[in-house]
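Q: below are the sequence and a predicted model; questions follow.
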Amino acid sequence: MSANAPLPRWADVVVLPLVNLAIALLVAALVVAAIGQSPAQVMTMLVRGAFGSERGLSYTLYYTTSFIFTGLAVALASHGGLFNIGAEGQATLGGLGTGLVALWLSNTLPAAVLLPLMLVGGALFGMAWAAVPGYLQAYRGSHVVITTIMFNFLASTLLVYLLVNRLKAPGSMSVESVPFGPAAHLPGMHEALAWFGVAWPSSPLNLSLLLALVAALGVYAFLWHSRAGYRLRAVGSSEGAAAYAGIRPKRQIIVAMGLSGALAGMVGMNEIAGVNGKLLLDFVGGAGFTGIAVAVMGRNHPLGIVLASLLFGALFQGGAEVSFEVPGFSRDMVVTLQGFIVLFSGAMAYVIAPAVAALIQRAGRGRNAPAVAQAPGASHG
Amino acid sequence: MTPPAPASPAPAVRMSAINKRFGSVQANADVDLSVIRGTVHGLVGENGAGKSTLMSVLYGFYAADSGSIEVFGAPARIRTAFDAIALGLGMVHQHFMLVETLSAIDNVMLGAEPHALLKRADAIVRARLTELMGSTGLKVELDAIVGELSVGDRQRLEILKTLYRGAKILILDEPTAVLTPQETEALFKVLARLRAQGTTIILITHKLKEVMRLCDHVTVMRAGRVVHECAIADASVQGLAEAMVGRQVNIGRQGDAADAPGAVALQAEGLTVRDAMQVVRLQGVSLSLRAGEIVGVAGVAGNGQSELLEVLSGLREPAQGALRVAGQAFEPGRWLDPRRARELGLAHVPEDRHARAMVMSFAAWESAVLGYEGLPAYSRRGWMRHRHMVEATAALMQRFDVRPRDPQLGSAKFSGGNQQKLVLAREIGQAPRVLLVGQPTRGVDIGAIEFIHAQLRALRDAGCALLVVSSELDEILALADRVLVMNEGRITGELPINECTEARIGLLMVETAHERQAA
């Protein structure tokens, strides 16, 4: 038996994630049963909460949007051979950049000019925040995993400092900036749909979702159709070969981190420009870390990331509904459930790969060449 | 240790009608192998011929689909390596199975401690090993840390380890692939001595000269089957090569350059390289390459050849020296870089195919444009021209007979020979003025060697200047018009091909600086 038969691509992309998801849900169901709740009831409620109503679906897609940005950020760095754990901090800085542009210009510029500027501001702040660890990795050998973790803390304290000491609205007790002018408001999906005469309930879901989908397309085009993306993947796969090809690995590390940070920084458009309309604390809310799970589950492919983001968006929204509706099913249970999915689809994604490969191989052999299938015990006969 | 010698002893190993299939590949088909006690049996064949599968079946790594095994005449059921070891089999892998941070003696003891108290165990093992070293001639410093031992020492340690565990049948997988000629010589002495003491040896190799020198019998495999088997007295290198490949092959020297070499295409002066520890790796190396000649660099691996290639191709900047290529002068501080080298018509087939020449996770067409992805034919305004790249790759594959002819297949899925042909196709494809080639046929099948050599000669005849670095002296003698010998980071000799003999080059390869001064 060759235990390490390669998994066909279709199985790697489709079958394995689904099997992992099924295992995670199964284990979660056991835990739900163990605390005396009905798994079927909880699952049904979760799915209905996430997709069952226009409002629920809107919330699901709103969470999905941020996860797409951070998932793409982690995936792009990963193609460059870098593990960017700093999407949380880069998203924080992205929101700061978006917010600063809005605070500065929202009463002078029209929305059509201001919103693109806010996007650029967020992306540039995220890019700069990620490029520093990139530089330290490339030229100083400081491991990017360590530095990006530290930069998450730095980002969060920097935001606190700025809000408390510089940006807080005078006379206000809450730690947040003054609201932006109306030009800085990225239209919600219900507003956009209303332009076309479609009635849709009000929700935080906004046009950033379209931006996220465009970003996913852009990442795909960049990685597999641009020369720069080719070079980035070459460095990520084999630094020696890249150097031989005349590609400078150090520069590519900074490029990869910078682009990754820019993607994470776009979270600011969703949270700051789309929803809050002002700068505040903790608007990223862990989306940067969820992005790691999203990227792993999505196999670092933009399409996979969009789908994985949708799954995690549904978990966030559906989970919130469940904890609201089912007595004794706390918010922590929802986090536990998410934890199982991250565990089985992320950390342990390939644990069952050999078993799946063997099954596929056996199925294939049974179909194509029954003559050679032999009972294992018959060897050395 | 000598096994009892009855009148007609059963063979040490008899494998009968072994079949093993992986997916659609029949790795072993009705293979019979019989190894006489106390002999050295050569098992030869190209990559993928099924030698390793057969030995893995014997050693319990794979279960055969059908077939039977007898060891010393008794039917054997070998399901794990432990079963194999218990039967007196011992395997020395091509990639050593040693813990580098432990001492030599601890590596031998690991997993076979004869006593619960380590101090007692150490004494027992030490006594036994000392005795073994005395009787076999395998000398290893027992308290040295393995990571600090030379490759030859590590191999001796591996053999000692298997003998310590009671191996009476020694399986050696490509044992000389990593050894210098001197270490190879020493190894063969030891193996001959072990044979004289009754140990049976199975030697997996593709170096036919070694088979002729050491083996008593030889079995040739091709495409999963045994295609030839004979006593060494009835074998010849040419005959074995043809059995391996399945057709007539020409691997020797095939004619000199037609014309006298032309203008100087590359000139290097006084190249000196120090590594990160400030150890001199290359010292004052000067050379020139002329259009229409192949300059061979001979030498034991690790004597500065790799550094020379890196410096000449722009991958590494020397501490001192100067380089002229295509009318451009380079010196430390503003040295050549690989991209500039390609622009100047200086192509490079690196020694390390896996770490440098290709990106193994890329599709073949992506690897086939590596380094040339910026050419207008391959990309425009920053976007890749997929169709052009795939078509160009298909054309390269056609021209260089790369199989399978599938540009979409992953680079890692090609055999070593086909990977090398694809790399060579890429580098030759842009009609370079200078081509640097490191180890042109390492890990490459005989059939592909013949093809690659022919391509290099054709390139020379078209007026390219070639520098070929190879640790296989035969290859240098087959290809070069002029030979440089490297030793300890210097060029210790330069000979036109008609003055080259194996003995003369061999001497230049190993002579130490001290001996040179004394002479």
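A: Nice, I can see it.
Q: what number of residues lie near the residue in chain B that chain A sits nearest to?
A: Closest to chain A within chain B is B:Arg339: 3.1 Å, counting by CB to the nearest CB. Heads up, the C-betas are built off the backbone N, CA and C, glycines and all. Here the neighbour count serves as a burial measure; for B:Arg339 (other CB atoms under 10 Å in any protein chain shown) it reads 16.
Q: cool, and B:His93?
A: Per other CB under 10 Å, the neighbour tally for B:His93 reads 15.
Q: can you check A:Gly218 too?
A: Neighbourhood size, A:Gly218 [other CB under 10 Å]: 15.
Q: ok, now B:Arg222?
A: Neighbour count for B:Arg222, taken as other CB under 10 Å: 18.
Q: that one: what's it in contact with?
A: B:Arg222 makes contact with B:Gly45, B:Glu46, B:Ala49, B:Ala243, B:Met244, B:Val245, B:Gly246, according to CB atoms under 8 Å, 6 or more residues apart in numbering or on different chains.
Q: cool, and B:Val245?
A: For B:Val245, the contact set (CB under 8 Å, 6+ apart) comprises B:Glu46, B:Arg222, B:Asp445, B:Ile446, B:Gly447.
Q: change it to 7 Å
A: For B:Val245, the contacting residues are B:Glu46, B:Ile446, B:Gly447, taking CB atoms under 7 Å, 6 or more residues apart in numbering or on different chains as the criterion.
Q: and the helices in the stretch 101-250 of chain A?
A: Using DSSP state H, counting those that start in this stretch, the helices found in the stretch 101-250 of chain A span residues A:111-140, A:144-162, A:189-195, A:208-225, A:227-237, A:239-244, A:249-265.
Q: would you turn these into TSV with distance to chain B and mean pLDDT?
A: Converted to TSV, the helices of the stretch 101-250 of chain A look like this (distance: least, CB to the nearest CB, whole Å; pLDDT from 0 to 100):
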stretch	distance to chain B	mean pLDDT
helix A:111-140	16	95
helix A:144-162	20	95
helix A:189-195	31	93
helix A:208-225	6	96
helix A:227-237	5	95
helix A:239-244	4	94
helix A:249-265	12	95
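Q: tell me the most buried of those?
A: Counting by mean count of other CB atoms under 10 Å in any protein chain shown, helix A:249-265 has the highest mean neighbour count of these, with a mean of 27.
Q: distance from the chain centre to the following helix or strand past it, please.
A: Beyond helix A:249-265 in the direction of the C-terminus, DSSP states H and E gives the next helix or strand as helix A:267-268. Relative to the centre of its chain, helix A:267-268 is centred 12 Å away, using CA atoms, centre = their mean, to the nearest Å.
Q: what do you get for stretch B:345-363?
A: Here the centre of stretch B:345-363 is set off from its chain's centre by 17 Å, with CA atoms, centre = their mean.
Q: next one: stretch B:179-196
A: Distance of stretch B:179-196 from the chain centroid (CA atoms, centre = their mean) equals 18 Å.
Q: what comes into contact with that stretch?
A: Residues from elsewhere that reach stretch B:179-196 (CB under 7 Å, 6+ apart): B:38-40, B:136-138, B:151-152, B:155, B:170, B:175-176, B:201, B:213-214, B:300, B:506, B:510.
Q: is whichever helix or strand A:Thr60 is part of up against chain B anywhere?
A: Secondary-structure assignment from DSSP H and E places A:Thr60 in helix A:54-79. No: contact check for helix A:54-79 against chain B, using CB under 7 Å from any CB of the partner chain: none in range, with a minimum separation of 10.5 Å.
Q: that helix packs against which elements?
A: If you count contacts as 3 or more CB pairs under 7 Å, 6 or more residues apart in numbering or on different chains; DSSP states H and E, helix A:54-79 packs onto helix A:39-51, helix A:87-105, helix A:208-225, helix A:227-237, helix A:249-265, helix A:267-268, helix A:287-297, helix A:302-325.
Q: now those helices in TSV, with distance to B:Phe82?
A: As requested, these are exported to TSV (distance: least, CB to CB, whole Å):
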stretch	distance to B:Phe82
helix A:39-51	45
helix A:87-105	48
helix A:208-225	47
helix A:227-237	38
helix A:249-265	44
helix A:267-268	55
helix A:287-297	37
helix A:302-325	43
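Q: of all the ones you listed, which one comes closest to A:Ser142?
A: If you check each of these against A:Ser142 by CB to CB, helix A:249-265 wins as the nearest, at 11.6 Å.
Q: how about the residues of chain B near chain A?
A: B:21-23, B:63-66, B:68-69, B:77, B:315, B:337-339, B:342, B:350, B:355-362, B:370-371, B:373-374, B:379, B:382-384.
Q: tell me which of the residues you listed fall in strands.
A: Among these, DSSP state E puts B:Arg21, B:Phe22, B:Ser66, B:Ser68, B:Ile69, B:Ser379, B:Trp383, B:Met384 in strands.
Q: re earlier: now, which of the contacts of B:Arg222 sits nearest B:Thr162?
A: Minimum distance to B:Thr162 across those is 23.1 Å, recorded for B:Gly45 (CB to CB).
Q: which among the residues of chain B next to chain A end up buried?
A: By neighbour count, with 16 or more other CB atoms under 10 Å in any protein chain shown, the residues of chain B next to chain A hold B:21, B:63-66, B:68-69, B:315, B:337-339, B:342, B:350, B:355-360, B:362, B:370-371, B:373-374, B:379, B:384 as buried.
Q: ramachandran angles for the residue of chain A found nearest chain B?
A: When you check chain A against chain B by CB to the nearest CB, the closest residue turns out to be A:Gly246, at 3.1 Å. Geometry field for A:Gly246 lists phi and psi as phi 90, psi 10, criterion degrees, to the nearest 10.
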